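>>> Got a sequence here, can you build the structure:
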Amino acid sequence: HLLEVTPPEVKLGACRQAVGALARAAHDLRAAGFPSEIVSCGGTGSYRFSANVDGITEIQAGGGCLMDRWYVERCGVDWLEPALFVATTVVSRPNSDRVIVDAGFKAMSMHDGVPVPVDESAGTLIALFAEHGVLHLARPSLAPKIGERISFIPGYSDSTTVLHSVIIGTRNDRVEAVFPRPPRSPLVSPFPGCSRDRDSARPAAIVDPPGGTIK
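Residues are numbered from 1 along each chain as shown. Next up, the predicted model:
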């Protein structure tokens with residue numbers, strides 16, 4: 001609940017207060033005979049502050065492994081680099097300032113931020129439909145051409161990775177690892193005949209481009 005607090009010095013004080021209360025509660029539980037070996041708190045947007053509070057044994061900063069726009073722009077995490085990207089292909093050039101790619105909101109979420117191209121010259125994403133995205137070029141151009149790849153930085157990693165069944169780890173344009181996502185439980189509807197298996201979502205490449213950190 002403190003990830004978006006600014007400026008950093010205010011976040012530091014708020015984290016010390018909140019996490020300190022958690023650590024004291026864990027101490028009191030142990031004193032009363034209740035095992036409390038794990039005291040977990042914080043997130044990617046606050047771990048640098050919460051991790052230094054005495055009594056904390058674990059931080060919940062998993063999103064920092066991948067990063068996204070939300071952590072950088074809303075949480076102020078400017079010391080970590082993005083490692084999660086959605087690779088798309090240009091499938092249409094209806095005119096000189098419009099680019100259509102083969103990924104929409106079924107492949108990259110707009111939750112907490114619109115995805116942005118890694119290469120800013122690829123244009124600005126102005127719309128995400130179910131299975132394609134639309135980019136606008138500030139200046140008319142013949143590039144990018146149909147068949148070329150455009151990679152995007154997601155707005156929020158959590159709501160993007162859940163859309164895919166495979167994560168591909170690359171370094172220096174070479175695939176180093178393929179990570180199948182664990183099977184997911186079906187969405188169960190209280191109405192007969194209305195359940196849907198989330199594993200039916202189409203797999204798509206989520207890549208770590210040259211110099212990345214996924215291993």
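>>> From one end of stretch 39-58 to the other, what's the distance?
By C-alpha to C-alpha, to the nearest Å, the extent of stretch 39-58 from end to end equals 6 Å.
>>> Hmm, I typed the wrong one, I wanted stretch 40-47.
11 Å.
>>> what residues does that stretch touch?
Outside of stretch 40-47, the residues within contact range by C-beta atoms under 8 Å, 6 or more residues apart in numbering are 2-5, 11, 15, 18-19, 22, 49-51, 56-64, 67, 71, 74-77, 80. To be clear about C-beta, it is placed using only N, CA and C from the backbone, and glycine gets the same treatment.
>>> 6 Å instead?
2-3, 15, 19, 22, 50, 56, 58-61, 63-64, 71, 75, 77 (C-beta atoms under 6 Å, 6 or more residues apart in numbering).
>>> Tell me how many other residues crowd Arg93.
Using other C-beta atoms under 10 Å, Arg93 has 17 neighbouring residues.
>>> can you tell me the helix or strand for it?
For Arg93, the host element (DSSP states H and E) is strand 85-95.
>>> could you pull out the strands for this protein?
40-41, 58-59, 85-95, 98-101, 116-117, 124-128, 133-136, 149-153, 166-171, 174-180, 206-207 (DSSP state E).
>>> give me the number of residues near Pro117?
Pro117 has 21 nearby residues by other C-beta under 10 Å.
>>> show me the contacts for it.
Contacts of Pro117 (C-beta under 6 Å, 6+ apart): 150, 152.
>>> So it versus Gly133, what's the distance?
Separation of Pro117 from Gly133 (C-beta to C-beta, to the nearest Å) stands at 10 Å.
>>> Leu2 too?
For Leu2 relative to Gly133 (C-beta to C-beta), the value is 33 Å.
>>> Which one of the two is surrounded by more residues?
Neighbour count, other C-beta under 10 Å: between Leu2 and Gly133, Gly133 has more, with 26 against 21.
>>> ok, back up a step: partners of the strand holding Arg93 in the sheet?
Strand 85-95 sits in its sheet next to strand 98-101 (antiparallel), strand 149-153 (antiparallel), strand 206-207 (antiparallel), going by DSSP bridges.
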